[in-house]
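> dropping a prediction and its sequence here:
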Amino acid sequence: MFLPLYDQAGYRHIKRPLGVYFILAANILTFVLSSALSAMRPELSFGLIPAVVFGDAILPANVLQTPAFMTPFTSVFLHVDLEHILGNMLFLWVFGDNIEDAMGTPRFITFYLLCGGCAAMAHALATPSSVAPLIGASGAVSGVIAAYLLLHPHVRVYGLVLKWIPVAVKALYVIAAWIALQFAFAIFGGDPNVGWWAHVGGIVTGAILIVLFKRPGVVLLDRRLD
């Protein structure tokens, strides 16, 4: 497993990634609140449950009722545990700032939510009868990672392999390999507790939206290193 720590890509249009800061803060605050209120089962109220979205199941009467059409977006701010949120926020921290730089803060926040929402719906379409809640920012972050690949494939990313071996590798290699794994696990089966089709949905959405959302003049597949 590769854990990114930082990259070479600098900022060309912004001074600070305020959108990334906002999303990080929203996730952390939601995690703290949901942990404190775990007895109320927030994952049922705000997670995406495919069978509920498609009207084949209903939430228990004692659970806060959130409109089903909102849950593709609310689900991206919930996480199972500390490891879950730390992993997602690390990838957002490393790759998200350069996506925000390429499109601006308002568009980046919109981009992030659309990637997360479309990712959640991809999961729902792939498992329409499931009553298990989907939560987590993985789908949204997958969109960010795909966009990064299309913007900065030649930038070096520094990180750890097997949790402790430091490496520096081009984004093209590490991200392309990661994307290939997401598709493979979605198609052929992986850990059933992971929403692989949500990852795929986020990847596809991010790859499409970066073309539409990027600033005029921002080059795709940039060959520069910073």
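The structure has been received and is ready for your questions. Residues are numbered from 1 along each chain as shown.

> now residue 179: how far from residue 35?
Relative to residue 35, residue 179 is positioned 31 Å away (criterion: CB to CB, to the nearest Å). In this view, the C-beta of every residue, glycine as well, is placed from N, C-alpha and C.

> surely residue 179 meets residue 147?
No. Between residue 179 and residue 147 there is no contact under CB atoms under 8 Å: 11.8 Å.

> neighbour-wise, which of those two wins?
The neighbour count for residue 179 versus residue 147, taken as other CB atoms under 10 Å, is higher for residue 147 (30 against 18).

> distance of that one from residue 220?
As judged by CB to CB, residue 147 and residue 220 stand 10 Å apart.

> mind listing the strands for this structure?
Under the criterion DSSP state E, the chain carries strands at the ranges 2-7, 156-161, 165-170.

> how about those, which one is nearest residue 213?
strand 2-7 (20.1 Å; CB to CB).

> adjacent strands (with direction) for that closest one?
strand 156-161 (antiparallel) (DSSP bridges).

> overlap in contacts of residue 147 and residue 220?
Listed as contacting both residue 147 and residue 220 by CB atoms under 8 Å, 6 or more residues apart in numbering are residue 210.

> what number of residues are in the vicinity of residue 104?
17.

> residues of stretch 142-160 that come out buried?
142-153, 155-157, 159 (16 or more other CB atoms under 10 Å).

> show the end-to-end separation of it, please.
End-to-end distance of stretch 142-160 (CA to CA, to the nearest Å): 19 Å.

> ok, now which ones touch the closest residue to residue 82 other than its chain neighbours?
Once flanking residues are discounted, residue 82 sits nearest to residue 31: 8.0 Å by CB to CB, 6 or more residues apart in numbering. Contacts for residue 31 (CB under 8 Å, 6+ apart) come out as 78-79, 82, 85.

> hmm, try it at 10 Å
Contacts of residue 31 were listed using CB atoms under 10 Å, 6 or more residues apart in numbering, and they are 77-82, 84-86, 89.

> OK, contacts around residue 107?
19, 99-100, 209, 212-215.
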